[in-house]
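1. Any chance you could fold what I've pasted below:
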Amino acid sequence: MNEADTRARLVEPKLKAAGWTDQQVTREVYYQRDVRYTPGKIILVGDQARRGQARKADYLLRLTEGFPIAVVEAEPEYKFPDAGLEHATPILRKNTLEENIRQVTERYDAIMTNPPFGGTEGQHIQQNFPIRSQATELLFLQHIMKKLKPRDGARCGMVVPEGLLFRGGAFAKIKRDLLAEFNLHTVVSLPMGIFYASVKTGLIFFERPGPTKETWYYDLPLPEGLKKFSKGNPIRDEHFDEARKLWKAWDAYRKGKGPREACLSERSWIVPVEEIKNRGYDLTARNPNRPEGEELPSPAEIVAELMERERGILAIVEDLAALLENQQGGNADAPDA
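-> Predicted coordinates:
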């Protein structure tokens, strides 16, 4: 088979069988301009390669218009498979946080994300954000808030570490903006072990328009007899059955189509935004309906929360150290009197 046969008889049917639509598949496309690729591979600027003639990818697969995830390269039958791999391996490698959010051009109607957290970013990344922080989770939240389209109905579902919910300082400033610019309508508190073994996480859901008036909370319980979720005992869809049922009632209530009481339970409650503000924008799930005698958090959960708070304190100290270093550097450069 020649290259055209490979496309027609092998690649095209497989793409269709896998559910890729014509809108998600771009054919005969030049790589994007001004991006970095895997070290040691071809680097392209505009439509020209730094070594050799500009090359096209046979297929570029996209989840959305601005989210390419794979390159597919077809080759004639007489070539070894390595030829196609060599052609297709300049994979895009780009730090999402490199985009200056003051100059965002591409925005989205909906974002669902589990961004990396627990890491740190340097000053060259922090300068892209109005409120600077080393914490990647806070930078990603700012990034997502700017990437949503400025229209009613634009929405986001996001996994966040517990620390983002309770931390103050720069975190409180961003959460203040979140509540003012968006409707943070839902917070789901998750048990440990779902996304990271030693970090408690939650789900937040927000949408335009704002501001937030009240937020519905749900505290997802562990199944009876299970101490924590893990790879051996993963969370399953049915574990969210009660949460879905109550959330539908909450959604109906906030749209004026159902009673308030229908979304309330021992594990779900509503918090007015004024209470959140009075708590210093602490969004932690504090269940006021916790049954008497219910088990307190496990030692592992307590240790995980202490570690998260310790990480927050360390980040503040590092920010102060960087600030003092910059001030000292400025004084050193000043002329003598």
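2. Count the neighbours of the closest residue to residue 264 other than its chain neighbours for me.
-> Of all residues not flanking residue 264 in the chain, residue 270 sits nearest, at 7.0 Å (Cβ to Cβ, 6 or more residues apart in numbering). In this view, the C-beta of every residue, glycine as well, is placed from N, C-alpha and C. Neighbourhood size, residue 270 [other Cβ atoms under 10 Å]: 15.
3. With the one 10 residues further on instead?
-> Burial of residue 280 is recorded as 14 neighbouring residues (other Cβ under 10 Å).
4. Contact partners for it?
-> By Cβ atoms under 8 Å, 6 or more residues apart in numbering, the contact list for residue 280 reads 168, 172.
5. any idea how far residue 259 lies from residue 205?
-> For residue 259, the distance to residue 205 equals 21 Å [Cβ to Cβ, to the nearest Å].
6. Please say which of the two ends up with more neighbours.
-> When residue 259 and residue 205 are compared for neighbours, residue 205 comes out ahead with 19 against 10, by other Cβ under 10 Å.
7. who's the more buried one bridged to?
-> Applying DSSP bridges to residue 205 gives these bridge partners: residue 157, residue 186.
8. pretty sure residue 269 is in a strand, no?
-> Yes: assessed with DSSP: H, G, I helix; E, B strand; the rest coil, residue 269 lies in a strand.
9. Mind listing the residues bridging to it?
-> Counting by DSSP bridges, residue 269 is bridged to residue 217.
10. what residues does stretch 113-122 touch?
-> Residues outside stretch 113-122 that contact it (Cβ under 8 Å, 6+ apart): 96-97, 134-137, 139-140, 144, 156-161, 164, 195-196, 199, 311, 315, 318.
11. These, buried ones only, as a ChimeraX selection?
-> Here is the ChimeraX selection string for the buried members of the contacts of stretch 113-122, based on 16 or more other Cβ atoms under 10 Å:
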select :97,134,135,136,137,139,140,144,156,157,158,159,160,161,164,195,199,311,315
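12. Give me the subset of the contacts of stretch 113-122 lying in strands.
-> Counting by DSSP state E, the part of those found in strands is 156, 157, 158, 159, 160, 161.
13. In JSON lines, list these along with distance to residue 121 and pLDDT.
-> As requested, the ones in strands among the contacts of stretch 113-122 are arranged in JSON lines below (distance: Cβ to Cβ, whole Å; pLDDT from 0 to 100):
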{"residue": "156", "distance to residue 121": "21", "pLDDT": "94"}
{"residue": "157", "distance to residue 121": "23", "pLDDT": "94"}
{"residue": "158", "distance to residue 121": "18", "pLDDT": "93"}
{"residue": "159", "distance to residue 121": "19", "pLDDT": "92"}
{"residue": "160", "distance to residue 121": "17", "pLDDT": "92"}
{"residue": "161", "distance to residue 121": "16", "pLDDT": "88"}
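14. Tell me how many other residues surround the residue nearest to residue 96 when sequence neighbours are not counted.
-> Take residue 96 and drop its neighbours on the chain: the residue closest to it by Cβ to Cβ, 6+ apart is residue 143, 6.6 Å away. The number of residues packed near residue 143 is 20, by other Cβ under 10 Å.
15. Tell me if I'm right that residue 209 and residue 183 touch.
-> Yes: Residue 209 is in contact with residue 183 according to Cβ atoms under 8 Å; the separation is 6.8 Å.
16. Which one's more surrounded, these two?
-> Legend: neighbour count by other Cβ under 10 Å for residue 209 and residue 183, higher for residue 183 (22 against 12).
17. How about the contacts made by that one?
-> 206, 207, 208, 209, 210, 211, 212, 213.
18. all strands for the stretch 151-300 of the chain, in order.
-> Assigned by DSSP state E, counting those that start in this stretch, the stretch 151-300 of the chain shows strands spanning 155-161, 183-189, 201-207, 214-219, 268-272.
19. What ranges does the stretch 101-250 of the chain have for its helices?
-> Along the stretch 101-250 of the chain, counting by DSSP state H, counting those that start in this stretch, helices occupy 123-126, 136-147, 162-166, 170-181, 241-254.
20. Quick check: which of those helices is nearest to residue 6?
-> helix 136-147 (37.2 Å; Cβ to Cβ).
21. packing partners for the closest one?
-> Applying 3 or more Cβ pairs under 8 Å, 6 or more residues apart in numbering; DSSP states H and E, we find helix 136-147 packed against strand 110-113, strand 155-161, helix 162-166, helix 170-181.
22. Check what contacts that helix and list those residues.
-> With contact meaning Cβ under 8 Å, 6+ apart, helix 136-147 is reached by 96-97, 99, 101, 104, 106-108, 111, 113, 115-121, 125-126, 129-131, 133, 156, 158, 160-161, 163-164, 170-171, 174, 177-178, 181-182.
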